[in-house]
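S.K.: pasted the sequence and its predicted model underneath.
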Amino acid sequence: MEMLNQEVRDFARKKLEAEMVEPVELAYFTVEKSQLIVPGQPALPDCLYCQETRQLLEELSGLSDKIKLSVYDIIKEAGQAAKLGIDKVPAMAIIKGKDTGIRFFGVPSGYEFMSLLEALVDTSRGQTELSPETKEALKKLNREVNIQIFVTPTCPYCPMAVRLGHQMALESPFIRAAMIEASEFPELAQKYEVMGVPKSIFNETLSLEGAVPEDIYLEHILKATGEQVS
């Protein structure tokens, strides 16, 4: 059974054809079920949506010759996973010659499918829609910021927070921004006390609930680095 219906396929194909400029790599990380049980070691948690996620990405990459889908096993190719900071599956990283800092953890379904499309387009074009003021502030960033954005597929406001984080990652090599599907990673949702979505966590120290304007998001990034916010 196809993950994307014909209406979604047609929409995605037209968007990708019209807006993508240069090729990008969509690096997908999964794990074989047979590797989840290692004698003498605790059993790894089953990846409930790895198969569905791979199918979705295969269908999506088939809509444009500018999307190269690469599939990695998080255990067999642990070095590549560590290089990209991938510590759970299913996971995706978007690469264009070098790492963009854009991550997805969990199947990007529902409203989050648009987040994936926008991230591919932004990366392919090599530019974002952030304001000149925001871009200038991000150029001055010299400390790493890790943003975790908790979402659910049925949240209509979540893609706004995800795209803000992803665009800021594209503008700064010091930022890594990850969409995390809360219901697929309940232990993380519990750790960060995710009671509503979207909820963004900055460097484990600051949190932000809801979809907020660009300047507020930037303010939290700067605060997470210890920068003074004017």
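M.R.: All right, it came through fine.

S.K.: tell me the domain boundaries of this structure?
M.R.: 1-127, 128-230 (automatic domain parsing).

S.K.: comparing these by mean pLDDT, which bottoms out?
M.R.: Comparing mean pLDDT across those, the weakest is domain 1-127, with a mean of 92.

S.K.: distance between the ends of it?
M.R.: Using CA to CA, to the nearest Å, the end-to-end distance of domain 1-127 comes out at 36 Å.

S.K.: helices of this structure, start to end?
M.R.: With DSSP state H as the criterion, the chain has helices at 6-19, 50-61, 78-83, 112-125, 132-139, 158-171, 186-191, 214-224.

S.K.: Glu209 is in contact with Ile201, isn't it?
M.R.: No - look at Glu209 against Ile201 with CB atoms under 8 Å: they stay out of range, at 10.4 Å. No exception for glycine: its C-beta is placed from N, CA and C like everyone else's.

S.K.: looking at those two, which is more packed in?
M.R.: More crowded of Glu209 and Ile201, by other CB atoms under 10 Å: Ile201, with 23 against 14.

S.K.: how close does the more buried one sit to Cys155?
M.R.: Per CB to CB, to the nearest Å, Ile201 is found 16 Å from Cys155.

S.K.: go on, Ala161?
M.R.: Between Ala161 and Cys155 the computed distance is 9 Å (CB to CB).

S.K.: isn't Ala81 right next to Lys88, touching?
M.R.: No - if you go by CB under 8 Å, Ala81 and Lys88 don't touch, sitting 9.6 Å apart.

S.K.: shared neighbours, those two?
M.R.: When CB atoms under 8 Å, 6 or more residues apart in numbering defines a contact, the residues bordering Ala81 and Lys88 alike are Ile74.

S.K.: neighbour count: the two, which is higher?
M.R.: Using other CB under 10 Å as the criterion, Ala81 and Lys88 rank with Ala81 on top: 22 against 19.

S.K.: can you pull the contacts of the residue nearest to the more buried one when sequence neighbours are not counted?
M.R.: Ranked by CB to CB, 6 or more residues apart in numbering and with sequence neighbours excluded, the top spatial neighbour of Ala81 is Ile74, at 4.8 Å. Counting by CB under 8 Å, 6+ apart, Ile74 touches Phe29, Thr30, Val31, Ala81, Ile86, Lys88, Val89, Ala91.

S.K.: thank you kindly, that will do.
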